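Chemist: sequence plus the predicted model coming up.
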Amino acid sequence: MASSSNNEAVVVVKNLSVKFGEIEVLRDINFKVYRKDFVGIIGPNGAGKSTLIRSILGMIPYEGEVILNGKVGYMPQLSSFNREFPISVYDFVRLPVRKEKNWKVIVDETLTKVGLEGFGKRLVGTLSGGQYQRASLARAIVGKPDIVILDEPESGVDEMGKARFYDLLYELNEDLGITILMVSHDIGMVFEKCKTVMCLNKTLHCHGPTKEIKPEDVKKLFGEFDIWIRAHSHYEVEHVHENPDFSNLEEKK
Ligand SMILES: Nc1ncnc2c1ncn2[C@@H]1O[C@H](COP(=O)(O)OP(=O)(O)OP(=O)(O)O)[C@@H](O)[C@H]1O
């Protein structure tokens, strides 16, 4: 099912199921993520994407097995932090390396890497949406992780900011060899930038190299027209010869 030219699995998920009370949110999920992969996890609202990530990170109880081969950095949903809290960018970013003697050098290097050079003393609450997004990424990578896990990193950021952010992720993946596992609602960007796509809705519906995921695989997953249409141009480009039928889509316009 899964895919990569790099053979070493850095995330292994076996028979993972999660219930909240009587409600089953994830059922028997199995997959591997290989070193240097850039995986986009897509699925409709309530599909269990965040639950999957939180299980992998050991934040909630689950049945099954999760193996992580490497150090993990986590970028939670941007809305999970109260930006009114009076904290400087330095203090926000340094959390994972706060015990290091030279934390300031490490944080400065990381801020430069994400394009926030000189922002250390600013209060987090004074950053723009895009700057805050990059500060959150800095916090996720400051500890030099092998694997970075991101939960909807693009929410609340404009299109230009999103594109720049995805370029940054691409660089981390390509240049530093960081394995990336990212939940996203931006299907267009996922299909443009990610090497591997996972389609989740309680169970794993599809998982493979981006170019091998078929429109109908994704279409089955989403009832919501607006999510689907964002991926339209990608599919037209990638799949026009093999599967050019967008007639239903046109009717809905
Ligand atoms: N702590 C919890 N207690 C009870 N139910 C929960 C809890 N966390 C999540 N759920 C439920 O589990 C289901 C999956 O939620 P989850 O946040 O994982 O979905 P998601 O795919 O990330 O959704 P979205 O795209 O809307 O962020 C939802 O029905 C949600 O209400």
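Modeler: Okay, I see it. This is a predicted model, so every value here is computed, not measured.
Chemist: give me the number of residues near the residue nearest to M189 when sequence neighbours are not counted?
Modeler: Nearest non-adjacent residue to M189, counting by Cβ to Cβ, 6 or more residues apart in numbering: Y166, 5.5 Å away. C-betas here are computed from N, CA, C, even on glycine. Residues lying near Y166 (other Cβ atoms under 10 Å) number 22.
Chemist: with only the CA atoms kept, save the helix or strand harbouring T51 in PDB.
Modeler: In this assignment (DSSP states H and E), T51 forms part of helix 49-56. Only the C-alpha atoms of helix 49-56 are listed here, as PDB (Å, rounded to 0.1, in the frame of the first residue of the first chain):
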ATOM      1  CA  LYS A  49      -7.200  13.000  11.600                       C
ATOM      2  CA  SER A  50      -6.300  14.900  14.800                       C
ATOM      3  CA  THR A  51      -7.100  11.700  16.800                       C
ATOM      4  CA  LEU A  52      -4.700   9.800  14.700                       C
ATOM      5  CA  ILE A  53      -1.900  12.300  15.300                       C
ATOM      6  CA  ARG A  54      -2.600  12.500  19.000                       C
ATOM      7  CA  SER A  55      -2.500   8.700  19.200                       C
ATOM      8  CA  ILE A  56       0.800   8.600  17.400                       C
END
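Chemist: could you identify the helix or strand that succeeds it?
Modeler: That would be, after helix 49-56 and using DSSP H and E, strand 63-68.
Chemist: how about the strands of the protein, start to end?
Modeler: Along the chain, the segments classed as strands by DSSP state E run 9-20, 23-34, 38-42, 63-68, 72-75, 147-151, 179-183, 196-201, 203-209.
Chemist: okay if I get these as JSON lines plus mean pLDDT, distance to F119 and mean neighbour count?
Modeler: Below are these laid out as JSON lines (pLDDT from 0 to 100; distance: least, Cβ to Cβ, whole Å; neighbours: other Cβ atoms under 10 Å):
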{"stretch": "strand 9-20", "mean pLDDT": "96", "distance to F119": "31", "mean neighbour count": "17"}
{"stretch": "strand 23-34", "mean pLDDT": "96", "distance to F119": "31", "mean neighbour count": "18"}
{"stretch": "strand 38-42", "mean pLDDT": "95", "distance to F119": "26", "mean neighbour count": "26"}
{"stretch": "strand 63-68", "mean pLDDT": "97", "distance to F119": "31", "mean neighbour count": "14"}
{"stretch": "strand 72-75", "mean pLDDT": "95", "distance to F119": "17", "mean neighbour count": "20"}
{"stretch": "strand 147-151", "mean pLDDT": "96", "distance to F119": "20", "mean neighbour count": "24"}
{"stretch": "strand 179-183", "mean pLDDT": "96", "distance to F119": "23", "mean neighbour count": "25"}
{"stretch": "strand 196-201", "mean pLDDT": "93", "distance to F119": "32", "mean neighbour count": "23"}
{"stretch": "strand 203-209", "mean pLDDT": "91", "distance to F119": "37", "mean neighbour count": "18"}
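Chemist: let me have these in a markdown table, extended by distance to the ligand.
Modeler: What follows is the strands of the chain, written out as a markdown table (distance: least, Cβ to the nearest ligand atom, whole Å):
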| stretch | distance to the ligand |
| --- | --- |
| strand 9-20 | 3 |
| strand 23-34 | 4 |
| strand 38-42 | 9 |
| strand 63-68 | 15 |
| strand 72-75 | 14 |
| strand 147-151 | 7 |
| strand 179-183 | 6 |
| strand 196-201 | 7 |
| strand 203-209 | 13 |
